[in-house]
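[1] turn this into a structure:
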Amino acid sequence: MSETPEREALGSRIALFDHALRLRRANPGSPLPDGGCPFPDDERHPAGRGMTMPEHGPRAGAAAAAVLDTHFARPTADPSELAEAFHDVYVPIHHNVHIEAAAGRADPVRVRRTGRWLVRNASDRCAVRIGLALLATSFKRKDMSLIRTIGLLDNFGALATHALDRRLGGSAAQLWLAARVTGWDRVYVIESLCRSPSAAERSWLLRHGLGGDYLDRYIAGKIATATYLHTALTESDPDDELIDHTGSVLLLMTDSKGMGQTLGSYPPAGAVLEAYAEQVGRLAPTVERYYLAAMLASYVDQAESEHANWVIGRRERIRDAFLSLLNRPDWTDVARAALTDGDRRIAFLAEELAPRFPLQVFADPPATDAR
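    This is a model prediction of the structure:
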């Protein structure tokens, strides 16, 4: 669908789509600041409003579906009549079977036209959410841009991802969205991409799958599995981006804090750790690479019970490979300079690892010639 210039809808209220489009143009290749917050309708949705669920469990979304049934039962009803119809009705932020069923009971042309109008013109987030849910059941290729643009807004990513999932051209739109959303919305789109990624999607996930926040623990293991990480790292000539991203994935999987898969339950863990130790050693040392290698060495040293099925000697071999790398003069110099500068990562290692590991960076610096 072509994106028309920003305009106000329903009197003086700004359409949420126009709000998203304006922010997108100001931030073309990155996430919207604060997910687009504040929204134009914030005054109508004070803090906490809409967060409670008057309908629980299997009934959640039934009231919204009833509103849709009533609307579609009238052949002449106009989509604009729904603009304010959901303000006091609970509308889920995820795919909902009741709303999907209501759409299925109506004429698909009307469903599509109504969903398109609500997403493009409604100023209330509840109505926009309903529009997105309707489009998810039946949309044309021209609606792809409409869906991904509204999906940039916080708490709209789940429905946008569902709408795009497994549709012709949807994966490209999901990749576009994944690079421009954060938080839970990013988790949803990455999880969708991980279900059955194409070669191009695997390549992107191998280098950019993680978003850099604590929610990455939910998706690190899924990325490792879906991208055949062990193959990418051991049977190819990986580039710097892939190697660095792998280090971050592995570190998250050492302790997922109950959020996702751990290395202990990841069958190729030994092969990937061993390959990573070898591959990162080909790269120039950086503080981040030093930190990741040290943390992974510590994990391997302490995780004997998690990898009891490893070939005898593999754990020690991986640990020693990391230690050998960490004690190389060039790597030691980088870490020592960071420690002098007060880098928190290296300071943490000094406190946690120095008592257990013979790391040169924490030994007394070499004596200088006083002559």
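[2] mind listing what Gln302 touches?
    Residues counted as contacts of Gln302 (Cβ atoms under 8 Å, 6 or more residues apart in numbering): none. (Glycine included, C-beta is placed from N, CA and C.)
[3] low-confidence stretches in the protein?
    Within the chain, the stretches with pLDDT under 70 are 1-12, 47-56, 166, 305, 308, 364-371.
[4] got the domain ranges for it?
    For the chain, the structural domains run 1-196, 218-361, going by automatic domain parsing.
[5] would JSON lines of those domains with distance to Leu210 be doable?
    As requested, the domains of the chain are exported to JSON lines (distance: least, Cβ to Cβ, whole Å):
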{"stretch": "domain 1-196", "distance to Leu210": "9"}
{"stretch": "domain 218-361", "distance to Leu210": "6"}
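[6] among these, which comes closest to Gly211?
    Across the domains of the chain, the minimum distance to Gly211, taken as Cβ to Cβ, is reached by domain 1-196, at 4.9 Å.
[7] strands of this structure, start to end?
    Counting by DSSP state E, the chain has no strands at all.
[8] what's near enough to touch the residue nearest the centre of it?
    Residue closest to the mean C-alpha point of the chain, counted by Cα atoms, centre = their mean, is Arg186 at 3.0 Å. Shown in contact with Arg186 (Cβ under 8 Å, 6+ apart): Gly157, Ala178, Gly211, Leu215.
[9] give me the nearest residue to the second one, chain neighbours excluded.
    Taking Cβ to Cβ, 6 or more residues apart in numbering, and ignoring the residues beside it in sequence, Ala178 has Val189 as its nearest neighbour in space, at 4.6 Å.
[10] do the last one as well
    By the measure of Cβ to Cβ, 6+ apart, the closest residue to Leu215 outside its immediate chain neighbours is Val187, 5.3 Å from it.
[11] in stretch 26-42, what's buried?
    Neighbour-count burial for stretch 26-42 flags Pro31, Leu32, Gly35, Gly36, Phe39, Pro40, Asp41 (criterion: 16 or more other Cβ atoms under 10 Å).
[12] what's the closest of those to Val361?
    Nearest to Val361 out of the buried residues of stretch 26-42 is Pro31 (Cβ to Cβ; 35.7 Å).
[13] didn't that closest one look like it was pressed against Ala178?
    No - taking Cβ atoms under 8 Å as the definition, Pro31 is not a contact partner of Ala178, at 10.2 Å.
[14] ranges for the helices of the stretch 251-371 of the chain?
    With helices called from DSSP state H, counting those that start in this stretch, the stretch 251-371 of the chain shows them at 269-280, 287-302, 314-326, 329-340, 344-352.
[15] how about the ones you listed, which one is nearest Arg25?
    When these are compared by Cβ to Cβ, helix 287-302 sits nearest Arg25, at 32.9 Å.
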